[in-house]
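J.: the sequence and its predicted three-dimensional model are supplied below.
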Amino acid sequence: MSKIKGITITLVDKIKSNEDPFGNPIFTDAEIPIENVLISPTSSDDVVNQLDLTGRKAVYTLAIPKGDTHNWENKEVKFFNQRWKTFGIPLEGIEHLIPLDWNKKVMVERYE
């Protein structure tokens with residue numbers, strides 16, 4: 001019996017690296033590898049609903065592994081040698097009530 005296993009994607013997060021002379025923060029990109037992420041094409045119903053609600057076209061839905069504490073709202077992610085952007089609020093289930101390794105999902109759109 002084979003076990004389901006996701007791939008490693010890259011989450012691009014903004015990390016405060018310094019301040020300008022006026023005291024405003026300066027951010028740099030930090031690329032964080034996230035292992036065991038499932039990627040599935042977004043269903044046509046979800047695409048239509050997201051277009052109606054947000055005006056954005058969801059292409060893929062990411063299943064995030066249990067225990068992950070990163071912020072996934074409006075973040076750049078990299079997989080399949082392309083750049084994507086998450087949108088919407090990640091949906092999260094109760095860890096101990098979900099049988100597999102993933103309890104959070106987030107939609108992504110193509111990011112140029």
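T.: Happy to help now that I have it.
J.: in what helix or strand does the nearest residue to residue 89 once chain neighbours are set aside lie?
T.: For residue 89, ignoring the flanking residues on the chain, the nearest one in space by CB to CB, 6 or more residues apart in numbering is residue 73 at 6.5 Å. For the C-beta atoms, the positions are set from N, CA and C on the backbone; glycine is no exception. Assigned by DSSP states H and E, residue 73 falls within no helix or strand.
J.: residue 73 against residue 91, yeah?
T.: No. If you go by CB atoms under 8 Å, residue 73 and residue 91 don't touch, sitting 11.8 Å apart.
J.: any idea of the pLDDT on residue 99?
T.: pLDDT for residue 99: 89.
J.: so it versus residue 40, what's the distance?
T.: 17 Å (CB to CB, to the nearest Å).
J.: more crowded one of the two?
T.: When neighbours are counted by other CB atoms under 10 Å, residue 99 and residue 40 differ, and residue 40 comes out ahead with 10 against 5.
J.: so who does that one touch?
T.: Contacts for residue 40 (CB atoms under 8 Å, 6 or more residues apart in numbering) come out as 60, 61, 63.
J.: name the helix or strand for it, please.
T.: Assigned by DSSP H and E, residue 40 belongs to strand 25-41.
J.: give me the sheet partners of that strand and which way each runs.
T.: Partners of strand 25-41 in the sheet, by DSSP bridges, are strand 7-19 (antiparallel), strand 60-65 (antiparallel).
J.: could you dump those strands into JSON lines with mean neighbour count and mean pLDDT added?
T.: Formatted as JSON lines, these follow (neighbours: other CB atoms under 10 Å; pLDDT from 0 to 100):
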{"stretch": "strand 7-19", "mean neighbour count": "13", "mean pLDDT": "94"}
{"stretch": "strand 60-65", "mean neighbour count": "20", "mean pLDDT": "96"}
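J.: mind checking which of those strands is nearest residue 77?
T.: The minimum distance between residue 77 and the strands paired with strand 25-41 falls on strand 7-19, with 5.5 Å, by CB to CB.
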